[in-house]
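# Sequence first, predicted coordinates after that:
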Amino acid sequence: AWWKAMEEGVGTRAKADWYLPGHGDTRYGQIMFDRFEYQAGDDEDGFLWDAEAWYGGDTNRLWSTTEGEDLQSGGEGGEVESFDVQFSHRFDRFWDVQAGVGYQTTYGPGPDRDRASAIVGVQGLAPYWFEVDAGLRVSEDGDASAEFEAEYDWRFTQRLVLQARGETSYAFDEVEEFGVGEGLTGLTLGLRARYHISREFAPYVGLTWRDRFGD
């Protein structure tokens, strides 16, 4: 019902002319650390980050994202799971299609491993306010994998928010040097409670459960 109401509320002029919220030729940007945390686990502790930056207008934007983990105890080294640069085009009021290139590397004991990849995907707000990010990666060696992430916020007050988050991936090829087997590679679920001291700063605490599948 809310989805239909939002569509009907756009107005006759917007339907006939431009149905997306617009600001003309204005360009603006944002830098945000979605996750910036220390994780204390059963077998190892680590520092994790997940950040993004974008610049552009309402329809076309340039995105840069990075996600990774550095082990602090229970192991050595770490992994930059992704460093991506993508061009984004808004094709619907709540959805963007994205394409670009990405880079992944590991470091620590033994030889470092890295690979580049091409990326295509979608990002947007699904019905019932689920934030969705899905993409397909094809590495320089031809290995392909699909990724899916979803988040949902429960707003108890204007400042107190509980966020549920899940992510998984499917590998179409086995990549032994990165410890990836063919098929569904794993599942990560998280629950985080954050408090917005200001619009720009919100500390949080939470729990994360992770399982790896296959080989």
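That came through, no problem. Numbers count the residues shown, from 1 in each chain.
# where does this protein have its least confident helix or strand?
In the chain, no helix or strand scores lower on mean pLDDT, DSSP states H and E than helix 12-16, which sits at a mean of 41.
# so where do the strands sit in this protein?
28-40, 45-56, 60-73, 78-92, 95-107, 113-126, 130-139, 144-155, 160-171, 183-195, 204-212 (DSSP state E).
# With residue 177 as the reference, name the closest of those.
When those are ranked by proximity to residue 177, the top entry is strand 113-126, at 5.4 Å, counting by CB to CB. To be clear about C-beta, it is placed using only N, CA and C from the backbone, and glycine gets the same treatment.
# Tell me how far that closest one lies from the chain's centre.
Once both centres are worked out by CA atoms, centre = their mean, to the nearest Å, strand 113-126 turns out to sit 9 Å from its chain's centre.
# which strands and helices sit next to that strand?
Helices and strands in packing contact with strand 113-126 are listed as strand 78-92, strand 95-107, strand 130-139; criterion 3 or more CB pairs under 8 Å, 6 or more residues apart in numbering; DSSP states H and E.
# Just the mean pLDDT for the longest one, thanks.
Here the mean pLDDT over strand 78-92 is 93, rounded to a whole number.
# which residues touch it?
Contacts of strand 78-92 with the rest of the structure, by CB atoms under 8 Å, 6 or more residues apart in numbering, involve 20, 46, 54, 56, 58-71, 96-108, 119, 121, 123-124.
# buried stuff in that strand?
By 16 or more other CB atoms under 10 Å, the buried positions in strand 78-92 come out as 78, 79, 80, 81, 82, 83, 84, 86, 88, 90.
# same deal with stretch 154-174?
By 16+ other CB under 10 Å, the buried positions in stretch 154-174 come out as 161, 163, 165, 167, 168, 169, 170, 171.
# and the nearest residue to residue 125 once chain neighbours are set aside, what does it touch?
Taking CB to CB, 6 or more residues apart in numbering, and ignoring the residues beside it in sequence, residue 125 has residue 94 as its nearest neighbour in space, at 4.2 Å. Under the criterion of CB under 8 Å, 6+ apart, the contact partners of residue 94 comprise 124, 125, 126.
# roughly how far apart are residue 94 and residue 166?
As for residue 94, its distance to residue 166 is 19 Å (criterion: CB to CB, to the nearest Å).
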